[in-house]
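>>> show me how the following folds:
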Amino acid sequence: MERRQLVPLHRGVYAVGHAHLRPNGYRLAAVLAVGPGAVLSHRDAAALHGLRSGGGTRIDVSTPAERCNTAKIRVHGRRALDIRDITTVDGIQVTTIARTLVDLAEVVAADALRKALSEAERQRLLDTTGIEEALEHRRGRRGTATAKLRAALVELRQHGATLTRSHLEDRFLTLLDAHDLPRPATNAHVSGYEGDAVWRAARLVVELDGWDGHKTRRAFQHDRTKGNVIQAAGYALLRFTHADVMRRPDEVAAQIATQLSRAA
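Below you'll find the predicted structure:
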């Protein structure tokens with residue numbers, strides 16, 4: 001009989017044969033390590049539900065017990081979670097989507113929270129009534145996190161789901177909001193090519209050129225071909241770099257406003 005080695009992951013939790021697990025394997029191990037009543041929560045619950053990417057150095061777990069953080073687990077101690085705020089995904093006890101979004105507001109910036117809400121909306125998983133109930137289940141805990149969540153929900157209702165793929169795109173949308181410019185469709189297709197920001201009624205496309213995605217010869221050629229096709233389809237095309245968005249936001253906003261007013 002082949003002998004299998006037990007590989008320690010946490011105190012009292014082992015993998016059989018090797019420790020090269022899938023992300024959900026590591027998440028399950030963390031919940032088991034924290035003990036009875038523990039559930040995956042916060043950032044890792046959002047990743048498990050498909051609302052954001054994972055990859056943090058420590059896994060978020062909530063527990064009613066008195067437990068300390070470890071090198072691999074970030075423990076959120078609290079009174080027992082309401083049973084209505086707990087579900088199971090892929091065999092892992094985890095906070096519901098509504099409760100996850102409530103908790104996420106405590107630990108991420110407003111931009112990241114808005115992005116998670118938008119993803120939930122896109123997947124038709126966003127339940128604002130459930131979020132209100134989850135807030136009530138927290139038994140009176142209020143503060144800046146709750147205010148941030150409510151503000152993000154108001155913005156989502158105003159603009160709808162807006163999906164971005166980079167920090168630069170997030171900052172660009174923040175720039176538009178700061179200058180009272182209408183939000184575009186993001187990562188939308190025009191003549192077979194995907195534009196970073198598209199105002200269809202105004203026939204305007206904005207491309208955001210971060211260095212990492214545009215520094216090869218192949219990317220250089222693709223950008224020129226794409227730009228020619230978009231303009232041949234009757235769209236105005238503006239290109240902005242990371243430095244433009246971060247250091248010259250007023251100039252960027254002015255150029256976009258000019259193009260939108262011409263279309264109007």
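
>>> hey, let's count contacts and neighbours off CA atoms from now on
Will do.

>>> quick one: Leu126 and Glu132 touch, right?
No: assessed by CA atoms under 8 Å, Leu126 is found out of contact with Glu132, at 11.6 Å.

>>> out of the two, which sits in the more crowded spot?
Each of Leu126 and Glu132 has its neighbours counted (other CA atoms under 10 Å); Leu126 has more, 18 against 14.

>>> tell me the SS of that one?
coil (DSSP: H, G, I helix; E, B strand; the rest coil).

>>> distance check, the residue nearest to it when sequence neighbours are not counted against Arg183.
The shortest distance from Leu126 to any non-neighbouring residue, by CA to CA, 6 or more residues apart in numbering, is to Ala120 (5.0 Å). Separation of Ala120 from Arg183 (CA to CA, to the nearest Å) stands at 19 Å.

>>> for the two, indicate the residue with more neighbours.
For the pair Ala120 and Arg183, the greater number of neighbours falls to Ala120 (22 against 17), based on other CA under 10 Å.

>>> can I assume that one sits in a helix?
Yes: Ala120: assigned to a helix according to three-state DSSP.

>>> surely it touches Leu51?
Yes: Ala120 lies in contact with Leu51 (CA under 8 Å); the separation is 6.2 Å.

>>> now Pro184: how far from Asp170?
Taken as CA to CA, the span from Pro184 to Asp170 is 12 Å.

>>> the more surrounded of those two?
More neighbours surround Pro184 than the other of Pro184 and Asp170, with 20 against 17 (other CA under 10 Å).

>>> residues touching that one, list them.
The contact partners of Pro184, taken as CA atoms under 8 Å, 6 or more residues apart in numbering, are Ala197, Val198, Trp199.

>>> which of the residues you listed are buried? Put it as a ChimeraX command.
The ChimeraX command for the buried members of the contacts of Pro184 (criterion: 16 or more other CA atoms under 10 Å) is given here:
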select :197,198,199
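
>>> among the contacts of Pro184, which ones are in strands?
Ala197, Val198, Trp199 (DSSP state E).

>>> and the first one, what is it in contact with?
The one in question is Ala197. By CA under 8 Å, 6+ apart, the neighbours of Ala197 are Pro184, Ala185, Thr186, Asn187, Ala188, Val205, Val206, Glu207.

>>> same check, this time on the second one
Remark: with contacts taken as CA under 8 Å, 6+ apart, Val198 is in contact with Pro184, Ala185, Thr186, Asn187, Ala188, Leu204, Val205, Val206.

>>> same list (those residues) but as TSV, adding secondary structure.
TSV is the format used below for those (three-state DSSP):
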residue	secondary structure
Pro184	coil
Ala185	strand
Thr186	strand
Asn187	strand
Ala188	strand
Leu204	strand
Val205	strand
Val206	strand
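
>>> neighbour-wise, which one of those residues leads?
Of the contacts of Val198, with other CA under 10 Å as the count, Val205 tops at 28 neighbours.

>>> surely that one meets Tyr193?
No: counting by CA under 8 Å, Val205 sits too far from Tyr193 to count as a contact (11.0 Å).

>>> tell me where the stretch 151-264 of the chain has helices.
With DSSP state H, counting those that start in this stretch as the criterion, the stretch 151-264 of the chain has helices at 167-178, 217-232, 242-247, 249-263.

>>> tell me which residues in the helix or strand that contains Ala29 are buried?
Assigned by DSSP states H and E, Ala29 belongs to helix 23-34. For helix 23-34, the neighbour count (16+ other CA under 10 Å) marks Asn24, Tyr26, Arg27, Leu28, Ala29, Ala30, Val31, Leu32, Ala33, Val34 as buried.

>>> name the residues that touch the helix or strand that that helix is followed by?
Remark: after helix 23-34, the chain's next helix or strand is strand 39-40, criterion DSSP H and E. Contacting residues not belonging to strand 39-40 are listed as Arg27, Val31, Asp60, Val61, Ser62, Thr63, Ile86, Ile92, Gln93, Val94, Thr95 [CA under 8 Å, 6+ apart].

>>> out of these, which are inside helices?
Of those, the ones assigned to helices by DSSP state H are Arg27, Val31.

>>> which one of the contacts of strand 39-40 is nearest to Val16?
Arg27 (15.9 Å; CA to CA).
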